[in-house]
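> heads up, no residue letters with this:
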Ligand code: G1P
């Protein structure tokens with residue numbers, strides 16, 4: 001059985017939800033306290049056993065590459081000032097097994113994936129959307145890789161959302177069949193991207209992590225753009241599901257949707273409460289603030 005060693009992280013979108021902050025910098029570099037969003041995603045992939053990552057960027061995303069490169073002047077400066085802790089933080093972001101490819105036009109997630117094909121070749125792979133940061137005992141990508149290792153099927157991370165949020169996510173219609181394995185793996189009937197509340201087949205949402213077989217590339221090659229001129233990943237997965245079964249794995253983790261303002265702030269608070277430089281004071285601040293708000 002093929003081991004999952006490669007991951008794709010697309011970051012070519014405009015980040016309009018954070019304008020004007022993202023006018024001149026990629027949203028993936030917005031910091032959660034002191035760590036950029038994209039670094040959480042890369043760390044999750046590595047913690048899940050991924051060995052090589054391709055990041056699909058665009059022309060306005062060059063700073064993402066710089067973030068994972070060395071910065072000799074800065075490193076020398078920190079060394080001279082004996083700031084070993086900061087030096088270590090800077091150096092641990094320098095990744096040799098990261099690859100970058102550009103998507104010329106932001107034509108949707110399935111189009112972005114097209115540019116990963118030469119890198120992925122004929123292997124199953126992980127796809128991670130950086131807008132989702134997870135906190136849990138086991139990395140979410142690892143939870144999906146374990147499913148692949150056991151069943152050799154494409155699998156999508158799923159989480160229940162409240163009804164009022166179904167129009168922000170890909171929503172899953174499950175098949176009636178009994179779940180597989182430990183009872184958290186369900187065959188997918190179909191996916192619908194960001195449905196209106198009254199058209200949602202469930203409130204089980206696609207949570208931005210996928211293991212896909214390389215057959216998805218053939219599906220994408222045969223796709224035509226949708227009404228908005230985009231190549232939609234949800235539609236590609238629906239087509240894949242017609243010829244080979246795709247499963248939804250109910251994942252064990254808390255999700256922070258840092259692609260929207262509130263989720264971003266919640267993640268910053270959550271991370272700040274576990275950060276050694278901010279935990280105590282942030283906790284007191286929140287407690288005091290809560291009293292005033294009451
Ligand atoms: C994408 C996917 C959607 C998924 C979501 C998770 O949407 O298209 O199916 O539920 O990520 O965050 P986006 O947030 O890029 O609009």
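It's in. Everything numeric in this text was worked out from a predicted model, so none of it was measured. Numbering: from 1, shown residues only.
> How about the residues of the stretch 1-150 of the chain by the ligand?
Counting by C-beta under 6 Å from any ligand atom, the residues of the stretch 1-150 of the chain lying close to the ligand are 109, 129, 131, 132. No exception for glycine: its C-beta is placed from N, CA and C like everyone else's.
> Any idea how many residues pack against the residue lying closest to the first one once chain neighbours are set aside?
Closest residue to residue 109 apart from its sequence neighbours, by C-beta to C-beta, 6 or more residues apart in numbering: residue 233 at 3.8 Å. A count of nearby residues for residue 233, using other C-beta atoms under 10 Å, gives 25.
> Which ones among the residues of the stretch 1-150 of the chain next to the ligand map onto helices?
Residues of those located in helices (DSSP state H): residue 109.
> Can I get the residues of the stretch 1-150 of the chain next to the ligand in CSV including neighbour count?
Formatted as CSV, the entries for these read as follows, by neighbours: other C-beta atoms under 10 Å:
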residue, neighbour count
109, 28
129, 20
131, 22
132, 25
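> I'd say residue 117 and residue 217 touch.
Yes: checked against C-beta atoms under 8 Å, the pair residue 117 and residue 217 is within contact range at 4.7 Å.
> List the buried residues for stretch 52-59?
Buried residues in stretch 52-59, counted by 16 or more other C-beta atoms under 10 Å: 53, 54, 55, 56, 57, 58.
> which residues does the residue of the chain found nearest the ligand bridge with?
Scanning the chain for the residue nearest the ligand gives residue 170, at 2.4 Å (criterion: C-beta to the nearest ligand atom). Beta-bridge pairing of residue 170, defined through DSSP bridges, involves residue 193.
> what's the neighbour count on it?
Using other C-beta under 10 Å as the criterion, residue 170 is surrounded by 24 other residues.
> Could you tell me the per-residue confidence at residue 96?
The score at residue 96 is 73. That number is its pLDDT.
> Then the one 5 residues further on?
Note for residue 101: predicted pLDDT of 96.
> longest helix in the protein, by residue count?
Longest helix in the chain, counting residues (DSSP H): helix 279-293.
> Strands of the stretch 1-150 of the chain, start to end?
Assignment of strands within the stretch 1-150 of the chain using DSSP state E, counting those that start in this stretch yields the ranges 6-10, 31-32, 35-36, 52-57, 98-102, 125-128, 132-135.
> so which of those strands gets nearest residue 159?
Ranking the strands of the stretch 1-150 of the chain by proximity to residue 159 (C-beta to C-beta) places strand 132-135 first, at 9.2 Å.
> tell me what that closest one is packed against?
helix 37-47, strand 204-212, strand 254-257 (3 or more C-beta pairs under 8 Å, 6 or more residues apart in numbering; DSSP states H and E).
> got a list of contacts for the first one?
Read it as helix 37-47. 7, 9, 11, 26-32, 53, 55, 64, 67-68, 93, 95, 98, 126, 128-131, 133-134, 139-142, 258 (C-beta atoms under 8 Å, 6 or more residues apart in numbering).
> Likewise for the shortest one?
Under the contact criterion C-beta under 8 Å, 6+ apart, strand 254-257 has outside partners 131-136, 159, 168, 207-208, 263-264, 266-267, 270.
> that older thread, closest one to residue 224 out of the buried residues of stretch 52-59, please.
Comparing every one of those with residue 224 (C-beta to C-beta), the shortest separation belongs to residue 56, at 20.8 Å.
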